[in-house]
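In: I need the structure of the sequence given here:
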Amino acid sequence: MFIQGDVLAFVSLLLGTCFSAWALTIAYGLLFPERSEMARQIISDQPWKCVGRGALILATAGFLSVVLISAPNPVIKLVGWLVALVILLMAALGLAGIALNAGERMRRMAPETSHFAAFSRGAAFMIAGCILPIVGWLAFGPLLFLASIGAGVKSALTRTHQSSPLTHLETA
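Out: Next up is the predicted model:
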């Protein structure tokens with residue numbers, strides 16, 4: 001039996017998590033514009049390859065992380081947590097690229113939209129789609145997570161430099 005406080009706490013937790021994920025995606029896009037643009041190109045060129053790469057990385061590095069976190073030695077536990085955090089950081093970088101891709105598609109439909117507004121809306125739509133009951137939880141969210149890991153790792157390991165649409169932001 002749920003009481004009103006439990007429901008309010010769950011909704012607040014869900015909204016706080018979504019806002020934090022949106023803010024992290026925007027921060028990664030602004031802090032690493034070249035890598036985010038590279039992730040955007042990777043995800044638009046090879047989306048299913050990114051999902052497969054992300055599944056392979058999550059299966060290997062995620063398994064290693066769980067094994068290390070389960071160890072009784074605190075130093076080994078710390079290494080396990082660091083591996084898990086690196087996976088999540090790569091996913092945030094890939095999600096910034098996916099949000100850039102979604103934002104560019106939105107800009108094609110409404111050319112008067114600025115790059116930042118399109119990027120921000122793209123990130124919001126990606127994250128909001130993940131909280132959609134059943135479809136978002138079981139299909140869209142996991143596929144987006146795997147694709148973002150794959151694109152993030154590939155863009156972090158690639159050495160080419162390209163300009164990003166976010167580097168040309170207008171200042172007020």
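In: Mind listing what's buried along the helix ranked longest in the chain?
Out: Ranked by residue count under DSSP state H, the longest helix found in the chain is helix 74-109. Buried residues in helix 74-109, counting neighbours by 16 or more other CB atoms under 10 Å, are found at 79-80, 83-84, 87, 90-104, 106-107. In short, each C-beta sits where N, CA and C put it, glycine included.
In: same question, stretch 131-145
Out: Quick answer for stretch 131-145 (16+ other CB under 10 Å): Gly136, Phe140, Gly141, Pro142, Leu143, Leu144, Phe145.
In: In space, not sequence, find me the middle residue of this structure.
Out: In the chain, the centroid-proximal residue (CA atoms, centre = their mean) is Leu95; its distance is 2.8 Å.
In: Pretty sure it sits against Ile26.
Out: No - contact criterion CB atoms under 8 Å: Leu95 and Ile26 do not qualify, at 10.2 Å.
In: what touches both of these two?
Out: Any residue near both Leu95 and Ile26 by CB atoms under 8 Å, 6 or more residues apart in numbering counts here, and that gives Ala123.
In: quick revisit: quick one: which of the buried residues of stretch 131-145 sit in helices?
Out: Short answer: the buried residues of stretch 131-145 in helices (DSSP H) are Gly141, Pro142, Leu143, Leu144, Phe145.
In: Quick check, Ile131 in contact with Leu13.
Out: No - assessed by CB under 8 Å, Ile131 is found out of contact with Leu13, at 11.4 Å.
In: separation between Gln46 and Lys154?
Out: Relative to Lys154, Gln46 is positioned 9 Å away (CB to CB, to the nearest Å).
In: Which neighbouring elements make contact with the longest helix of the chain?
Out: When contacts are defined as 3 or more CB pairs under 8 Å, 6 or more residues apart in numbering; DSSP states H and E, helix 74-109 packs onto helix 4-31, helix 33-45, helix 47-69, helix 115-130, helix 141-157.
In: okay if I get these as a markdown table plus mean pLDDT and distance to Val75?
Out: As requested, those are arranged in a markdown table below (pLDDT from 0 to 100; distance: least, CB to CB, whole Å):
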| stretch | mean pLDDT | distance to Val75 |
| --- | --- | --- |
| helix 4-31 | 94 | 28 |
| helix 33-45 | 95 | 30 |
| helix 47-69 | 96 | 10 |
| helix 115-130 | 95 | 34 |
| helix 141-157 | 96 | 25 |
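In: So Arg159, which state does it fall into?
Out: Following DSSP: H, G, I helix; E, B strand; the rest coil, Arg159 is assigned to coil.
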